[in-house]
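Peer 1: sequence and predicted structure, then a few things I'm wondering about:
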Amino acid sequence: MKLIQILKLAVIPVLTVLSLLSASNKVLADYLTSQGGGGNYRYELWSTDDNSDYYLKIWSNEASPESDAYSTSTTFTSTREALIYFDCNYAERNLPECPR
């Protein structure tokens, strides 16, 4: 009986620490890459922690900085692709990359 209690006291804390350490390695955090604007909109360009995906949060120029985003884009594989999307669809720029 004492052996089982000792094992419980020793094994449970070790397993808890190991699970916390392994979970912290899997957590990815998004971070702000850049900000800008054009036309009647402004954007924040966000990236995943490993820089594999990017997405835009877009607001109307009149919206409060604390308000929820007007729109959040799908993911892009590069910052260039994301910014071209913003320029073509929100800033109303006429770029060669914009679909006609």
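Peer 2: Looks like it came in fine.

Peer 1: all contacts plus neighbour counts: C-alpha atoms, from now on.
Peer 2: Fine.

Peer 1: and after the lowest-mean-pLDDT helix or strand in the chain, which helix or strand comes next?
Peer 2: Least confident helix or strand, the chain: helix 2-26 with a mean of 63, by mean pLDDT, DSSP states H and E. From helix 2-26 onward toward the C-terminus, using DSSP states H and E, the following helix or strand is strand 31-38.

Peer 1: remind me what that next one packs against, helices and strands.
Peer 2: Using 3 or more CA pairs under 8 Å, 6 or more residues apart in numbering; DSSP states H and E as the contact criterion, the secondary-structure elements in contact with strand 31-38 are strand 41-47.

Peer 1: buried residues of the next helix-or-strand element following the strand it packs on, list them for me.
Peer 2: Downstream of strand 41-47, the next assigned helix or strand under DSSP H and E is strand 54-60. Of the residues in strand 54-60, those buried by neighbour count under the rule 16 or more other CA atoms under 10 Å are Y54, Y55, L56, K57, I58, W59, S60.

Peer 1: pull the most distant pair out of the residues you listed.
Peer 2: The distance between the two most remote of those (CA to CA) is 20.1 Å, for Y54 and S60.

Peer 1: out of the buried residues of strand 54-60, who's nearest Y85?
Peer 2: Closest approach between the buried residues of strand 54-60 and Y85, by CA to CA: L56, at 9.2 Å.

Peer 1: would you mind measuring from the closest one to T77?
Peer 2: Counting by CA to CA, to the nearest Å, the gap between L56 and T77 amounts to 12 Å.

Peer 1: what of E62?
Peer 2: Taking CA to CA as the criterion, E62 is separated from T77 by 29 Å.

Peer 1: who's more crowded, these two?
Peer 2: Set side by side, E62 and T77 give different neighbour counts by other CA atoms under 10 Å, the larger being at T77 (13 against 9).

Peer 1: that one contacts T48, doesn't it?
Peer 2: No: taking contacts as CA atoms under 8 Å, T77 lies outside contact range of T48: 10.5 Å.
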